[in-house]
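# pasted the sequence and its predicted model underneath.
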Amino acid sequence: MHICYLYGDPDKNIAAHQAFAKATRICNNKPCLWQSRGVFEASSHNIKDAIISFEKALKIDPLNIHTLIARANMNLERFHLESVEEDLNKADHIDNHNLYLLHLKGRLAFYQGQWQEAEQIWKSMLIINKQHVYALQSLGNMARERGHFESAQTYLNTALQQNPDNVAVCLEMAVLKRKWGEFFKKQNKSVNTLFDESMDLCKRAEQIEPTPQVIVALSALHRIMGNPQIAIDKLKKLLLVNPKNFQARHLSGLCFEDLNERSNMYKELKIILNHDKKSYLFRIFAYYALAYHAIKQNESEKALKYTIEVDRILRKINIPVHKKVNIFIEKYHLLKMLNKHHDASLIQKDIKMLDRDNAFVSALSE
């Protein structure tokens, strides 16, 4: 059975889900089919169905390294780092030379704040294959997250030279150019060239394959360049296909705020907060967006309550270190705006403890 789905067509996306369900009923003893369904459901944010599909595949074939890696990849994005480590250890006993396994080990180390270990793992992959796209992309992503923009560009240029039509690499370079531009913009430096390059890369990725990640990145760039309505129009189409894409939903809320459409902003952010309580990262983003908006409306007490909700979430989850640093930086800025200078100084100490090589500290003075 041939199964496919298109990001821009909600009917075909639903049809693909139904086709996978039918196929796994008919051939329920095929681990590769259950694994494929798990990957599809995870990419469609149907996490419950993805978990069931991976469990079915591993019940049939417990030593299927591809299923273990696919499930680890899904759980990495959900910040279930203990589950990721467990699956990667099992996979390691099956084939410790698998390059994608090494790649995920590097990502796990990065998420745990073991940046040197992650770098060593990915560079060891380049010794085996100096053009390995996953290693180059991951090294570029980590460098970008840590504010090392020139190093990131070097890695990603190498990856793009070897893989000019790779959507993920193209998108990573586009995000790098945008983030670099945003950094320069805060320093009142010229950013037009960087934003134009980011736009060209986004459009190139969109022509190759208009994935949800591409649409969100393109929309974020439109917003940064002062075109929130264009961003909203793109995000509406994406959310018709995948209403559970909370990254798109959060960005849509920010765009509505830019247009002073408060009711639509609240509507989008409340959808995130009222949905799955385990969508931790986007719940944090939603609370911080509401906190900033409350400060603009001179509602300091409400803003403070939103920051307390974020604290409650952070106590529940094992969030990746680099993301935690960025969340703390947002909280630092909010507390300063609320004149909570003592609390802000405590957060500053937490940031410096997490940020051992001072990759993020410059953001505190922005």
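On my side now, so go ahead. Residues are numbered from 1 along each chain as shown.
# rest of the way, CA atoms for contacts and neighbours
OK.
# burial count for Asn29?
Applying the criterion other C-alpha atoms under 10 Å, we find 15 residues in the vicinity of Asn29.
# for it, what are phi and psi?
In terms of degrees, to the nearest 10, the main-chain angles of Asn29 are phi -110, psi 20.
# report the contact partners of it.
Ile60 (C-alpha atoms under 8 Å, 6 or more residues apart in numbering).
# again, 10 Å this time
56-57, 59-61 (C-alpha atoms under 10 Å, 6 or more residues apart in numbering).
# out of the residues you listed, list just those in strands.
Using DSSP state E, no member of the contacts of Asn29 falls within strands.
# neighbour-wise, which one of these leads?
Ala57 (25 neighbours).
# so that one is in contact with Pro31, correct?
Yes: contact between Ala57 and Pro31 holds when scored by C-alpha atoms under 10 Å: they sit 4.2 Å apart.
# what is in contact with these two at once?
Here Ala57 and Pro31 share the contacting residues 37, 64, 67, scored by C-alpha under 10 Å, 6+ apart.
# so Lys130, which state does it fall into?
coil (DSSP: H, G, I helix; E, B strand; the rest coil).
# quick check: phi and psi on it?
Here is the backbone geometry of Lys130 (degrees, to the nearest 10): phi -70, psi -10.
# contacts only, for it.
123-124, 136, 158-159.
# roughly how far apart are it and Val169?
16 Å (C-alpha to C-alpha, to the nearest Å).
# same question for Glu206.
Distance, Glu206 to Val169, using C-alpha to C-alpha: 13 Å.
# compare those two (neighbour count), which wins?
Using other C-alpha under 10 Å as the criterion, Glu206 and Val169 rank with Val169 on top: 25 against 19.
# where's the more buried one relative to Ala220, distance?
17 Å.
# and the pLDDT at the spatially closest residue to Asp350 that is not a sequence neighbour?
The spatial neighbour of Asp350 that comes closest, neighbours along the chain excluded (C-alpha to C-alpha, 6 or more residues apart in numbering), is Phe328 at 7.9 Å. Predicted confidence (pLDDT) for Phe328: 91.
# Arg283 versus Phe328, what's the distance?
Taking C-alpha to C-alpha, one finds Phe328 at 15 Å from Arg283.
# who's more crowded, the two?
Arg283 (25 against 19).
# got a list of what the more buried one touches?
Contact partners of Arg283, counting by C-alpha under 10 Å, 6+ apart, are 246, 250, 269-277, 289, 309-310, 313.
# which residues touch Phe246?
45, 239, 252, 268-269, 271-273, 275, 279, 281-283, 285-286.
# just Ser252 next, same as before
Contacts of Ser252 (C-alpha under 10 Å, 6+ apart): 216, 219-220, 223, 228-229, 231-236, 239, 246, 258, 264-265, 268-269.
# list the buried residues of stretch 190-200.
Neighbour-count burial for stretch 190-200 flags 191, 194-196, 198-199 (criterion: 16 or more other C-alpha atoms under 10 Å).
# sorry, that was for stretch 249-267
249-258, 264-266.
# can you put the residues you listed in CSV and add secondary structure, pLDDT and distance to Leu108?
Shown next, in CSV, are the buried residues of stretch 249-267 (DSSP: H, G, I helix; E, B strand; the rest coil; pLDDT from 0 to 100; distance: C-alpha to C-alpha, whole Å):
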residue, secondary structure, pLDDT, distance to Leu108
Arg249, helix, 95, 27
His250, helix, 95, 26
Leu251, helix, 97, 27
Ser252, helix, 97, 30
Gly253, helix, 96, 31
Leu254, helix, 96, 30
Cys255, helix, 97, 32
Phe256, helix, 97, 35
Glu257, helix, 95, 35
Asp258, helix, 95, 36
Asn264, helix, 96, 37
Met265, helix, 96, 34
Tyr266, helix, 95, 34
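# check those residues and tell me the two furthest apart.
The distance between the two most remote of those (C-alpha to C-alpha) is 14.5 Å, for Arg249 and Asp258.
# re the thing from before, quick one: which of the contacts of Asn29 is nearest to Lys177?
Top of the list for closeness to Lys177, among the contacts of Asn29 and by C-alpha to C-alpha, is Ala57 at 39.9 Å.
# gap between stretch 210-225 and the chain center?
Centre-to-centre, stretch 210-225 and its host chain are 13 Å apart (C-alpha atoms, centre = their mean, to the nearest Å).
# show me what counts as buried in it.
In stretch 210-225, counting by 16+ other C-alpha under 10 Å, buried: 210-224.
# state the mean pLDDT of it.
94.
# export that stretch as PDB, just CAs?
Output in PDB follows, covering the C-alpha atoms of stretch 210-225 (Å, rounded to 0.1, in the frame of the first residue of the first chain):
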ATOM      1  CA  PRO A 210       6.700  23.300   2.100                       C
ATOM      2  CA  THR A 211       6.900  21.500   5.400                       C
ATOM      3  CA  PRO A 212       5.300  23.000   8.600                       C
ATOM      4  CA  GLN A 213       8.700  24.000   9.800                       C
ATOM      5  CA  VAL A 214       9.400  25.900   6.600                       C
ATOM      6  CA  ILE A 215       6.000  27.700   6.800                       C
ATOM      7  CA  VAL A 216       6.600  28.700  10.400                       C
ATOM      8  CA  ALA A 217      10.100  30.000   9.700                       C
ATOM      9  CA  LEU A 218       8.900  32.000   6.700                       C
ATOM     10  CA  SER A 219       6.100  33.400   8.700                       C
ATOM     11  CA  ALA A 220       8.400  34.400  11.600                       C
ATOM     12  CA  LEU A 221      10.600  36.200   9.100                       C
ATOM     13  CA  HIS A 222       7.600  38.100   7.600                       C
ATOM     14  CA  ARG A 223       6.800  39.200  11.100                       C
ATOM     15  CA  ILE A 224      10.300  40.300  11.900                       C
ATOM     16  CA  MET A 225      10.300  42.300   8.600                       C
END
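# longest helix in this protein, please.
If you go by DSSP state H, the chain has its longest helix at helix 167-186.
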